[in-house]
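Enquirer: Structure, please.
(chains A and B)
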Amino acid sequence: DAGVTQSPTHLIKTRGQQVTLRCSPKSGHDTVSWYQQALGQGPQFIFQYYEEEERQRGNFPDRFSGHQFPNYSSELNVNALLLGDSALYLCASSPAREGGETQYFGPGTRLLVL
Amino acid sequence: DAKTTQPTSMDCAEGRAANLPCNHSTISGNEYVYWYRQIHSQGPQYIIHGLKNNETNEMASLIITEDRKSSTLILPHATLRDTAVYYCIARGGADGLTFGKGTHLIIQP
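Expert: The predicted structure is shown next:
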């Protein structure tokens, strides 16, 4: 049973460019959440997708957008990259049942913006 | 989600039990206590969660006080591979997780 997978593992971009990160959820999970983790900080919630819709959003600008596909996989897009967007981007999946279901994390994509 | 407070860092000798405390004095009745850990540069790993009863799994035990204002994560026989940042999170529903700074647990040989 594969866990959460993310691609690519590492990425280098320059300021102003756009980036797309990908996530495949754990088998049987239909909800995907994205997090940003700057160096030395805890992960910060970006948004969550369920049934191909953004269900909840954290305090991130509109430059951060996402998409969920019918097979539950998801993409995170960041436009007009800033140096401060350099971080580890984490995807987590969970089943959509009642009662605070457990999120399981992937290994992350490390983005460096130069 | 209720705010949680954890010590910044802790040491524990290899082979001993590691007890990690967490305060969540404003936790509401429907909020679970979750524990994750993150080994350097990896994604957070789920450890355990509970509502009001003590819980145990193959990784750890979770002790929640009767008033639910604090909890303790217990790693019964710590190994060097348990060195990590441990996050305690109070969470209701299926919303995004709110991570604090966590406790950096260092297992000493």
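
Enquirer: any low-confidence regions in chain A?
Expert: When residues are selected by pLDDT under 70, those of chain A lie in A:1, A:97-100.

Enquirer: Can you name the residues of it that neighbour chain B?
Expert: A:4, A:31, A:33, A:35, A:41-48, A:56, A:58, A:88, A:90, A:92, A:94, A:96-108, A:110 (C-beta under 8 Å from any C-beta of the partner chain). The way it works is simple: take the backbone N, C-alpha and C, and place the C-beta from them, glycine included.

Enquirer: For the residue nearest to the spatial centre of chain A, list the residues it contacts.
Expert: In chain A, the C-alpha nearest the mean C-alpha coordinate belongs to residue A:34, at 3.0 Å (C-alpha atoms, centre = their mean). Neighbour list for residue A:34: A:23, A:45, A:46, A:47, A:48, A:66, A:74, A:76, A:89, A:90, A:91, A:92 [criterion: C-beta atoms under 8 Å, 6 or more residues apart in numbering or on different chains].

Enquirer: Go through those residues and name the one nearest chain B.
Expert: For the contacts of residue A:34, the closest approach to chain B (C-beta to the nearest C-beta) belongs to residue A:45, at 3.4 Å.

Enquirer: Can you tell me the strand partners of the helix or strand hosting that closest one and which way each runs?
Expert: For residue A:45, the host element (DSSP states H and E) is strand A:44-50. Looking at strand A:44-50 with DSSP bridges, its partner strands are strand A:31-37 (antiparallel), strand A:53-57 (antiparallel).

Enquirer: of all the ones you listed, which gets the most neighbours per residue?
Expert: Comparing the strands paired with strand A:44-50 by mean neighbour count (mean count of other C-beta atoms under 10 Å in any protein chain shown), strand A:31-37 comes out on top with a mean of 25.

Enquirer: Output that one as CSV, nothing but the C-alphas.
Expert: Output of strand A:31-37 as CSV, limited to C-alpha atoms (Å, rounded to 0.1, in the frame of the first residue of the first chain):
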residue,chain,number,x,y,z
THR,A,31,-8.9,14.7,0.9
VAL,A,32,-5.6,16.5,0.3
SER,A,33,-4.1,19.3,2.3
TRP,A,34,-1.0,21.3,1.5
TYR,A,35,1.5,22.9,3.9
GLN,A,36,4.5,25.2,3.6
GLN,A,37,7.4,24.7,6.0
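
Enquirer: Thanks again, I'm all set now.
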